[in-house]
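[1] With the input below, show me the fold.
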Amino acid sequence: MGSGKGSIRRTMDMLNGPLLGKILIFALPLALSSILQQLFNSVDVAVVGHFAADSAAATAAVGCNGPVINLIINLFVGVSVGANVVISSYIGEGSPEKANRAVHSAMTVALISGIFLLFLGLAVSKPVLELMNTPEGVLPYAVQYLRIYSLGMPFVMLYNFGAAILRCIGDTKRPLFCLVVSGVLNAGLNMIFVIAFHLDVAGVAIATVISNAVSTAMILFFLLREKSEVRLEIRKLSLSPQDIARILKIGIPAGLQSMVFSFSNVIIQSVLNGFGTAAVAGSAVSLNYENFSYFIIAAFTQATVTFTSQNYGAGKYDRCRRVFTLCAVLCVILTACMSWTFVLGRTFFASLFTRDSEVMKYALIRMVFILSLNFLSTSYEVGGAALRGIGYSMTPAMLTVFGTCIFRLFWAYTICRFWPGFEMLLAVYPISWVITGGAVLAAYFILRKKAFSSSVHTL
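    Just a heads-up that it's a prediction; the model follows:
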């Protein structure tokens, strides 16, 4: 492997030329891949909602596990963001050997964390779901789903880190291909396990594990055959103290932010569980469409952090500013368009997942409350990504902890006790988005000025 800037082989040159087209080429396949993954995963909810023996309980069991799964994995998914920043900055600096060394450190962390999460998930499944006040009729199904899902944690980690590495060179198309293949497989296995073998919740969980294994095998195949500086070689797997320190400096705050965010959602879910099985199932239906919209945000967040990291590493601060502006504007417009499509056609979209009138009622309420305004969350997501790209990871993490977790806990246990109701509980989301977004954007503009006026990088 050569050295110097000339030896860096990028799928996309993020350092030169117009940005708009490149950001769209980067973000749209990433958004599409996540949406397709969610679309195929939504088959889990749709299949059990229409074909399980106890459809409402099965739908609730699959749906209420979302916040728990996110809580368990998000610390390490945050570390994958740190890996993305560090590898991208090395590429921007023109340091191929360092980039390759960081790749192997990141994949070693992925393997270790996946094994750890497997055993953690098996151990905490029942106690966590009990603490969340999961309805008695739903609990056995929910525990079963989470325990089976936990068996696939190594695949989840290896895929997330592997996809993050490919994004460092601007490649979002091969991860998309992996998810299309595994998603089709997941949908087909759902039909077989639930309809043909009547495995219900266990069936969709088994299908998810198998499809995750397939997507991981494909992403590893691509990395092992990659010709650029992000090529993976099994014999080189190791933990470089220098790279691990840099990855964790960015990744731990990002992961803790995601964990705290997920923790707040677990708290909200536990309060929501008190409204009964229909409310839990209705929220699960709406959550599918919330995820579709969120993946637009996540795609432009990844574009922001990757483009910013490379250009900051190369000292191209004007391009960093343009990256933020373009990603923020595109993210707001596309998220709002998708969300309002679901809001306007909410009755049709909800009917795809349930035939139960009570479940439908709660689904429609949540879709209006959450999807109408969820474009507001782009403010702190893109702002936080831009801060991480220039080396400030703790600041957006702390602000998000306050604006989401602390504020939502306050809302759930004070406001909702004085004015109880499903709608009042949901109102916390848009309010917290405004508070958190304002704080993170203010921090971004202040710290950006400081970072760009200094010749010393904070990474």
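
[2] Where do the helices of the stretch 51-200 of the chain begin and end?
    Using DSSP state H, counting those that start in this stretch, the helices of the stretch 51-200 of the chain run over residues 55-93, 96-131, 139-150, 153-168, 173-190, 200-225.

[3] Switch these over to TSV; also include mean neighbour count.
    Heads up, the C-betas are built off the backbone N, CA and C, glycines and all. Shown next, in TSV, are the helices of the stretch 51-200 of the chain (neighbours: other C-beta atoms under 10 Å):
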stretch	mean neighbour count
helix 55-93	26
helix 96-131	19
helix 139-150	22
helix 153-168	25
helix 173-190	20
helix 200-225	21
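
[4] What helix or strand is the residue positioned nearest the centre of the chain located in?
    Closest residue to the average C-alpha location of the chain: A298 at 6.6 Å, with C-alpha atoms, centre = their mean. Counting by DSSP states H and E, the element that carries A298 is helix 277-313.

[5] same for that helix, what does it pack against?
    Here helix 277-313 touches helix 20-51, helix 55-93, helix 153-168, helix 241-273, helix 317-344, helix 346-351, helix 357-366, helix 378-389, going by 3 or more C-beta pairs under 8 Å, 6 or more residues apart in numbering; DSSP states H and E.

[6] Report the angle between the last one and helix 241-273.
    Pointing back at helix 378-389 there. 160 degrees (axes from the mean of the first three to the mean of the last three C-alpha atoms, to 10 degrees).

[7] ok, now the third one?
    If you take the same axes, to 10 degrees, helix 153-168 sits at 120 degrees to helix 241-273.

[8] same question, the longest one
    Regarding helix 55-93 and helix 241-273, their directions subtend 160 degrees when assessed with the same axes, to 10 degrees.

[9] Quick one: distance of helix 55-93 to the chain centre.
    Offset of helix 55-93 from its chain centre (C-alpha atoms, centre = their mean, to the nearest Å): 5 Å.

[10] Then the fifth one?
    Its chain's C-alpha centre and that of helix 317-344 lie 17 Å apart, by C-alpha atoms, centre = their mean.

[11] Wait, the residue nearest to the centre of the chain touches S34, no?
    Yes - look at A298 against S34 with C-beta atoms under 8 Å: they come within range, at 6.2 Å.

[12] Please tell me I have it right and L122 contacts R147.
    Yes - between L122 and R147 a contact is recorded at 5.7 Å, counting by C-beta under 8 Å.

[13] Could you tell me which ranges of the stretch 351-459 of the chain sit under the pLDDT cut-off?
    Applying pLDDT under 70 to the stretch 351-459 of the chain flags the ranges 454-459.

[14] Which stretches in it count as helices?
    Residue ranges of the helices in the stretch 351-459 of the chain, as given by DSSP H, counting those that start in this stretch, are 357-366, 378-389, 394-400, 407-410, 416-418, 422-426, 428-452.

[15] so who does the nearest residue to F76 once chain neighbours are set aside touch?
    Excluding the flanking residues, the one nearest F76 by C-beta to C-beta, 6 or more residues apart in numbering is S113, at 4.2 Å. By C-beta atoms under 8 Å, 6 or more residues apart in numbering, S113 lies in contact with 76, 79, 157.

[16] K227 in helix, strand or coil?
    With DSSP: H, G, I helix; E, B strand; the rest coil as the basis, K227 sits in coil.

[17] Let me know the pLDDT of it.
    Here, the pLDDT recorded for K227 equals 87.

[18] Count the residues that sit near it.
    Neighbourhood size, K227 [other C-beta atoms under 10 Å]: 7.

[19] And for I297?
    Other residues within reach of I297, judged by other C-beta under 10 Å, total 22.

[20] Against S264, how distant is it?
    17 Å (C-beta to C-beta, to the nearest Å).

[21] How about I192?
    Going from I192 to S264 by C-beta to C-beta gives 37 Å.

[22] Please identify which of the two sits among more neighbours.
    Neighbour count, other C-beta under 10 Å: between I192 and S264, S264 has more, with 25 against 12.

[23] List the contacts of stretch 339-351.
    Residues from elsewhere that reach stretch 339-351 (C-beta under 8 Å, 6+ apart): 285-286, 289, 292-293, 360, 363-364, 367-368, 371-372, 374-375.

[24] And the pLDDT at G63?
    68.

[25] I should have written S258 there, sorry.
    74.

[26] which one is F300 nearest to, not counting chain neighbours?
    Closest to F300 by C-beta to C-beta, 6+ apart is C331, at 3.9 Å.

[27] Report how many residues lie close to the one you found.
    Using other C-beta under 10 Å, C331 has 27 neighbouring residues.

[28] List the contacts of it.
    Under the criterion of C-beta under 8 Å, 6+ apart, the neighbours of C331 are 296-297, 300-301, 375, 378, 381-382.

[29] In these, find the pair that's most separated.
    The largest separation in those, counting by C-beta to C-beta, is between T301 and F375 at 13.5 Å.

[30] neighbour-wise, which of the two wins?
    Ranked by neighbour count (other C-beta under 10 Å), T301 and F375 place T301 first, with 25 against 22.

[31] The more buried one touches V382, doesn't it?
    Yes - applying C-beta under 8 Å as the test, T301 and V382 come out as touching, 5.9 Å apart.

[32] joint contacts of those two?
    The contact sets of T301 and V382 overlap at 327, 331 (C-beta under 8 Å, 6+ apart).

[33] Does R231 lie in a helix or a strand, and which?
    If you go by DSSP H and E, R231 is not part of any helix or strand.

[34] Could you list the low-pLDDT ranges of the protein?
    Scanning the chain for pLDDT under 70 picks out 1-11, 36-45, 49-56, 63, 67, 454-459.
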